[in-house]
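J.: How does the following fold in three dimensions:
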Amino acid sequence: MSYHEILSGLHSLSEGELRSLNFAVCDQLKRMRNAESARKRFLFKAGDKVSFSGRHGYTEGTVVRVKRKKAIINTGEFRNWDVPLNMLSAVEG
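T.: Take a look at the predicted model:
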């Protein structure tokens, strides 16, 4: 079944079926994010140079500590940032 077929068939589903579908989609997204976090958790270590784009735009910094789903990043400002692992990219050099 394609994406467009699923979207066009939504109007015929009951509330219970929509809830079940919503749970399945959210569960799949959670599994994908957890897998990405696990992969990046072993990719980064303290001292690595990284970048991320957040509320204040593109930012580069150094990993201070890697936690389960986030890393503490020192950007040289007055405070450290707690950044989700899936937002981090390695910086060369």
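
J.: how far does whichever strand or helix holds Ala24 sit from the chain's center?
T.: Ala24 is located in helix 15-43, with elements delineated by DSSP states H and E. Relative to its parent chain, helix 15-43 has a centroid offset of 11 Å by Cα atoms, centre = their mean, to the nearest Å.

J.: Would you mind listing the buried residues in that helix?
T.: Ser37, Lys40, Arg41 (16 or more other Cβ atoms under 10 Å). Using the backbone N, CA and C atoms, a C-beta is placed for each residue, glycine as well.

J.: what's the spacing between the first one and Gln28?
T.: So that's Ser37. Computed as Cβ to Cβ, to the nearest Å, the Ser37 to Gln28 distance reads 15 Å.

J.: sorry, back to before: make CSV out of the buried residues of helix 15-43 and add pLDDT and distance to Leu21.
T.: Below are these laid out as CSV (pLDDT from 0 to 100; distance: Cβ to Cβ, whole Å):
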residue, pLDDT, distance to Leu21
Ser37, 85, 25
Lys40, 85, 29
Arg41, 88, 30
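
J.: out of those residues, who's nearest Tyr58?
T.: Closest approach between the buried residues of helix 15-43 and Tyr58, by Cβ to Cβ: Lys40, at 18.3 Å.
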